[in-house]
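# after the sequence you'll find the predicted model.
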Amino acid sequence: MPTTRFTFAGHAGTDLAARLDMPEGPHLATALFAHCFTCGKDIAAARRIAGRLSEMGIAVLRFDFTGLGHSAGEFENTSFSTNVADLQAAAEALEAKGMAPTLLIGHSLGGAAVLKAAPTIASARAVVTIGAPFDPGHVTHNFGAALSEIAEKGAADVNLGGRPIRIGQGFIDDVKAENLGPAIANMHKALLVLHAPRDEVVGLENATEIFLAAKHPKSFVTLDDADHLVSRSDDAEYAASVIAAWAGKYLDLAPPAPPIGAPEGVTRVSEADPDGFLQDVQAGPFHHAIADEPLAYGGTNKGLTPYQFIAAGLGACTSMTIRMYARRKGWPLSHVAVDVLHNKVHAQDAGGQAEKIDRFIRRITLAGPLDADQTARLLEIANKCPVHRTLESGAEVVTELA
């Protein structure tokens, strides 16, 4: 996904650093991502979610709140309310570029900020929270003994996730006074709540309260044994896939007309994990699959292999071709199944020269009260499947540098 630097003025006028992840194909919608408390825009979960959405044609803006990451300002002087104001400023900056956000995503305290800001961002149609607290004041339990020092001195350093963060009394007072209930009930947007039952930072009861406060349409999906930061690649992939599938229902992702010479549009394949072989396969905004290699070949075995995709295409085309013919004839075919096996054999075994060729074997199951002639004819029709013909006749592959 093409990523560009994006800077906008935060609540106090200081420059906030952001990344704008753009789709490689048509831009169909825009999402705004708010990260977890004291995290940053570049955490693993944010990167994976942004990558997955960009494959669908959804641009994603992820930014560092005031005083965090590469953004200017002093975090000590911020509060939950200023985080919400930063989020609103990000939405306004996107709108000024003609990219008003239709999807809001918030992680942890960023999720609470998204819930608070959602009613004020008119362009947004859908909201996603990941491990978000219902009570923003919940985060103060992470400050431990520093709370008394903050109360006494007005600010203190707090160690969060191995990082010293200076917290001011204004932040404590602000989060304790916040009540998200009315904002959630009145945001008038579709809501997806993602939460891990074993989250030790923000308990599962927070997801329950958010869900109960919201009006329909609303959905809840468990992240099973993911940690609060959704740091494992498998968990980030799952969260990204769920968000992508859910968002497609509520956003207008109508793609433009396909390019000349490609009536089915563009099938885009891009790396999901540069350290392995995992690939995102996207055909338009709604159709996604994962390609990979088996563990024995250095992959992670999370998706079909490239040859399995070819076999799937042959099997699907065969089944469809048989169904169309039987339907046209009015024959009593109740079900079709096609098993496809792939192997490389010596051409001499197939009556040719001594060289390797690919062999696909189809085992077709036809169910229903068909007579012998009907069955034989349907097996003949299988050989007229367009993908079958392409594989047998060969195809030209033209390679161009994008």
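That came in fine, so what should we check first? All values reported here derive from a predicted model rather than from experimental measurement.
# can you pull out the helices in the protein?
44-55, 80-96, 109-117, 146-153, 169-177, 181-185, 204-213, 233-250, 306-329, 372-382, 386-393 (DSSP state H).
# which parts of the fifth one are buried?
Burial within helix 169-177, assessed by neighbour count using 16 or more other Cβ atoms under 10 Å, is assigned to 169-172, 174-175. No exception for glycine: its C-beta is placed from N, CA and C like everyone else's.
# okay, how far is it across stretch 294-312, tip to tip?
17 Å (Cα to Cα, to the nearest Å).
# how about it: buried residues?
Here stretch 294-312 shows 299-300, 302-305, 310-311 as buried, counting by 16+ other Cβ under 10 Å.
# that older thread, any chance of CSV for the helices of the chain, columns distance to Thr102 and mean pLDDT?
Formatted as CSV, these follow (distance: least, Cβ to Cβ, whole Å; pLDDT from 0 to 100):
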stretch, distance to Thr102, mean pLDDT
helix 44-55, 11, 87
helix 80-96, 10, 94
helix 109-117, 13, 93
helix 146-153, 39, 81
helix 169-177, 28, 79
helix 181-185, 19, 93
helix 204-213, 21, 94
helix 233-250, 8, 89
helix 306-329, 32, 96
helix 372-382, 44, 96
helix 386-393, 37, 92
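# need the winner for burial among these.
helix 109-117 (a mean of 28; mean count of other Cβ atoms under 10 Å).
# now what about that helix, what contacts it?
33-37, 39, 65, 80, 83-84, 87-88, 91, 104-106, 127-134, 136, 139, 178, 180, 183-184, 187, 210 (Cβ atoms under 8 Å, 6 or more residues apart in numbering).
# ChimeraX command for the buried members of these?
Command for ChimeraX that selects the buried part of those, burial taken from 16+ other Cβ under 10 Å:
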select :33,34,35,36,37,39,65,80,83,84,87,88,91,104,105,106,127,128,129,130,131,132,133,134,136,139,178,180,183,184,187,210
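# please flag which of the contacts of helix 109-117 sit within strands.
Judged by DSSP state E, strands contain the following of the contacts of helix 109-117: 33-34, 104-106, 127-130.
# reformat these as TSV; add distance to Leu341 and pLDDT.
Output for those, formatted as TSV (distance: Cβ to Cβ, whole Å; pLDDT from 0 to 100):
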residue	distance to Leu341	pLDDT
Phe33	44	95
Ala34	49	92
Leu104	47	97
Ile105	42	97
Gly106	47	95
Val127	46	97
Val128	41	97
Thr129	45	97
Ile130	42	96
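# between these, which is closest to Arg47?
Arg47 lies nearest to Phe33 out of those, by Cβ to Cβ, at 10.0 Å.
# and the residue lying closest to that closest one once chain neighbours are set aside, bridged to which residues?
Excluding its sequence neighbours, the residue lying closest to Phe33 (Cβ to Cβ, 6 or more residues apart in numbering) is Arg62, at 4.1 Å. The partner list for Arg62 in beta bridges (DSSP bridges) reads Arg19, Phe33.
# does Arg62 touch Ala45 like I think?
No: if you go by Cβ atoms under 8 Å, Arg62 and Ala45 don't touch, sitting 10.4 Å apart.
# for stretch 78-92, C-alpha coordinates in PDB please.
What follows is stretch 78-92, C-alpha atoms only, in PDB (Å, rounded to 0.1, in the frame of the first residue of the first chain):
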ATOM      1  CA  THR A  78      -3.100  16.600  27.400                       C
ATOM      2  CA  SER A  79      -6.300  14.900  28.600                       C
ATOM      3  CA  PHE A  80      -9.000  12.600  27.300                       C
ATOM      4  CA  SER A  81     -10.900  15.700  26.000                       C
ATOM      5  CA  THR A  82      -7.900  16.900  24.000                       C
ATOM      6  CA  ASN A  83      -7.500  13.400  22.500                       C
ATOM      7  CA  VAL A  84     -11.100  13.700  21.300                       C
ATOM      8  CA  ALA A  85     -10.300  17.100  19.900                       C
ATOM      9  CA  ASP A  86      -7.200  15.700  18.100                       C
ATOM     10  CA  LEU A  87      -9.500  13.100  16.600                       C
ATOM     11  CA  GLN A  88     -12.000  15.700  15.400                       C
ATOM     12  CA  ALA A  89      -9.100  17.700  13.900                       C
ATOM     13  CA  ALA A  90      -7.900  14.700  12.000                       C
ATOM     14  CA  ALA A  91     -11.400  14.200  10.600                       C
ATOM     15  CA  GLU A  92     -11.600  17.900   9.600                       C
END
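# which residues sit against that stretch?
8-12, 16, 18, 32, 34, 61, 63, 65-67, 100-101, 109-110, 112-114, 116-117, 120-121, 123-124, 136, 168, 170-171, 173-175, 178.
# ok, now with 7 Å
Applying Cβ atoms under 7 Å, 6 or more residues apart in numbering, the contact partners of stretch 78-92 are 8-11, 16, 18, 32, 34, 61, 63, 65-67, 101, 113-114, 116-117, 120-121, 136, 170-171, 174-175, 178.
# what of stretch 250-270?
24-26, 28-29, 55-57, 102-103, 125-126, 190, 279-286, 291.
# how deep is Gly144 tucked in, by neighbour count?
10 (other Cβ atoms under 10 Å).
# and the spatially closest residue to it that is not a sequence neighbour, how far from Lys302?
Excluding the flanking residues, the one nearest Gly144 by Cβ to Cβ, 6+ apart is Val158, at 7.8 Å. Val158 sits 38 Å away from Lys302, going by Cβ to Cβ, to the nearest Å.
# residue contacts, the nearest residue to Phe220 once chain neighbours are set aside?
With Cβ to Cβ, 6+ apart as the criterion, Phe220 has its nearest non-adjacent residue at 4.7 Å, and that residue is Val193. With contacts defined as Cβ under 7 Å, 6+ apart, Val193 is in contact with 129, 207, 210-211, 220.
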